[in-house]
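Colleague: How does the following fold in three dimensions:
(one chain, ligands or ions: 1)
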Amino acid sequence: MSDITVHYGVGATIGGMDLRSLSDAQVDQIRSTLGNHGVVFFRDQELNEVDHISLAERFGTININRFFAAHPDHPEIAMVLKEPDDDRNIGGLWHTDHSYDHEPALGSILVARDLPPVGGDTHFTSMFAAFDALDDEMKEFCLTHNAEHSAHHAFGTEADGYGESDPEYEGRLGNAAAADELKNPIHPMVIAHPISGKPALFVNIAFTIGIVGVDPDESRRIIKTLYDHATQERFVHRFRWEPGSVAFWDNRAVWHNAMNDYAGHRRLMHRITIEGDPLHAAAA
Ligand SMILES: [Fe+2]
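Modeller: Purely as a prediction, here's the structure:
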C-alpha cells in the first residue's frame, strides 16, 4: 500500500510506488491526490524516456508542446534546459502552463535528468487554498467574472522578453508564428476542478491579460492583487529535486515557479504534458 505525506502549503508526496508498473488503483490514487492537493511528488524513481511516456499515457493523451525544444528521439518529451552559460531559465516566474489554450492541459510530469549541485528548486502554490482564503467580496467578484488568457506576449513574434524572438532562448523555444495564430480563450476566474470539483482560482499573471467587462487598469490592479495574495508563503511548497525525483502537477490547481539560482551549472528536465478537459465555472 502506498503512503501519502501531505505538505504544508500545497502538494503531497506518495511513497511506495514504482511509476513503471502502476496498478489501476494506483493510477486512481494519483489522480485523486492531484484533484485534492494539486501536485504529487515521487522520489527514487527509475524512469527512462519510454517509461515516462507510458506513465503519462495512463492519465490521458499527450500534448506535444508547440514552443519548447523536443527530445531528439521522443517528440512527446519537451526539454526544459538551461546550459551553464545561459543566464535565464524557462518558467522562472509564477505561472500555470497552457491557460492560453481553450481546454488547458491537465498538467505535466517533470522528470529530473541533469541537476545542478545545489539550487534549481521548483515552487508550487495552491489555487484551492488561495481561493478559500479570499475575503467574501473578492470571492464573489471572482465567482461571477471571466478572464481572457493569451500566449501572444509570451511566445509570439512580438513577445516581450521570453519568446523565440529573444536570442537568449534560441534553440530552447520556437514556433512563434503558431503562438500568433492562437485565438485567446475566455475562462471562468474560478473553476470547479475537473477531478475533485473543488473551487480553484484560475487566473495567473503570466497569461491572464484581462477580466471581461472590467476596464484594463482596474483589471490589471485586480490581477496583481490576486497574484500577491496567491503567492503568500502559506500556500507554497518548495520542492527540492534529487536524482530520481518526479513531480506531477495539475495546471488547473497550482501555479509553479522555477528558481534560477544555479549559475554556471547545467539543468535538464524532461517534461510531458497531458491534455485536459473543458473547464466549468465553480458555482457562485
Ligand atoms: Fe511551466
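Colleague: Which strand or helix spans the closest residue to the ion within the chain?
Modeller: As assessed by C-beta to the ion, the ion sits closest to residue 91 within the chain, at 3.9 Å. Yep, even glycine has a C-beta here, placed from its N, CA and C like the rest. In the assignment (DSSP states H and E), residue 91 maps to no helix and no strand.
Colleague: now do residue 272
Modeller: Here residue 272 is assigned to strand 267-274, by DSSP H and E.
Colleague: Could you export that strand as CSV, CA atoms only?
Modeller: Written as CSV, here are the backbone C-alpha positions of strand 267-274 (Å, rounded to 0.1, in the frame of the first residue of the first chain):
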residue,chain,number,x,y,z
ARG,A,267,20.0,21.7,-15.5
LEU,A,268,17.9,19.4,-17.8
MET,A,269,14.4,18.2,-17.0
HIS,A,270,12.1,16.1,-19.2
ARG,A,271,8.5,17.3,-19.3
ILE,A,272,5.5,15.5,-20.7
THR,A,273,2.2,17.4,-20.8
ILE,A,274,-1.2,15.7,-20.7
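Colleague: So which bits of it are buried?
Modeller: Neighbour counts over strand 267-274 (16 or more other C-beta atoms under 10 Å) mark 267, 269, 270, 271, 272, 273, 274 as buried.
Colleague: Find the residue closest to the second one in space, skipping its chain neighbours.
Modeller: What it means is residue 269. Excluding the flanking residues, the one nearest residue 269 by C-beta to C-beta, 6 or more residues apart in numbering is residue 80, at 4.2 Å.
Colleague: which residues touch that neighbour?
Modeller: 68, 90, 91, 110, 258, 268, 269, 270, 271 (C-beta atoms under 8 Å, 6 or more residues apart in numbering).
Colleague: if we go to 10 Å?
Modeller: 65, 68-69, 89-91, 108, 110-111, 113, 172, 258, 267-271 (C-beta atoms under 10 Å, 6 or more residues apart in numbering).
Colleague: For my notes, confirm it occurs in a helix.
Modeller: No. Counting by DSSP: H, G, I helix; E, B strand; the rest coil, residue 80 falls outside a helix, being strand.
Colleague: Compute the inter-axis angle for the strand holding residue 272 and strand 78-82.
Modeller: Angle, strand 267-274 to strand 78-82, by axes from the mean of the first three to the mean of the last three C-alpha atoms, to 10 degrees: 150 degrees.
Colleague: Might you quantify the distance of strand 267-274 from its chain's geometric centre?
Modeller: Averaging C-alpha positions (C-alpha atoms, centre = their mean, to the nearest Å) puts strand 267-274 11 Å from its chain's average.
Colleague: and that strand, does that touch the ion?
Modeller: No. Judged by C-beta under 5 Å from the ion, strand 267-274 and the ion are separated, with a smallest distance of 8.0 Å.
Colleague: Who does the host helix or strand of residue 108 pair with, and is each partner parallel or antiparallel?
Modeller: According to DSSP H and E, residue 108 maps onto strand 107-114. Based on DSSP bridges, the pairing partners of strand 107-114 within the sheet are strand 246-250 (antiparallel), strand 267-274 (antiparallel).
Colleague: Of all the ones you listed, which one is nearest residue 219?
Modeller: Proximity to residue 219, assessed across these by C-beta to C-beta, is greatest for strand 246-250 (25.9 Å).
Colleague: Run the chain-centre distance for the closest one.
Modeller: Distance of strand 246-250 from its chain centroid, counting by C-alpha atoms, centre = their mean, is 8 Å.
Colleague: what's the pLDDT at the residue nearest to residue 59 when sequence neighbours are not counted?
Modeller: Among residues not flanking residue 59 along the chain, residue 274 sits closest, at 5.1 Å (C-beta to C-beta, 6+ apart). Confidence at residue 274, expressed as pLDDT, is 97.
Colleague: Ok, residue 195 next?
Modeller: What the model reports as pLDDT for residue 195 is 97.
Colleague: That one and residue 128 touch, don't they?
Modeller: No. Assessed by C-beta atoms under 10 Å, residue 195 is found out of contact with residue 128, at 11.5 Å.
Colleague: Who has more neighbours out of those two?
Modeller: Neighbour count, other C-beta atoms under 10 Å: between residue 195 and residue 128, residue 128 has more, with 21 against 16.
Colleague: for the more buried one, what are its contacts?
Modeller: Residues near residue 128 by C-beta under 10 Å, 6+ apart: 10, 35-38, 193, 196, 198-201, 235, 253-254.
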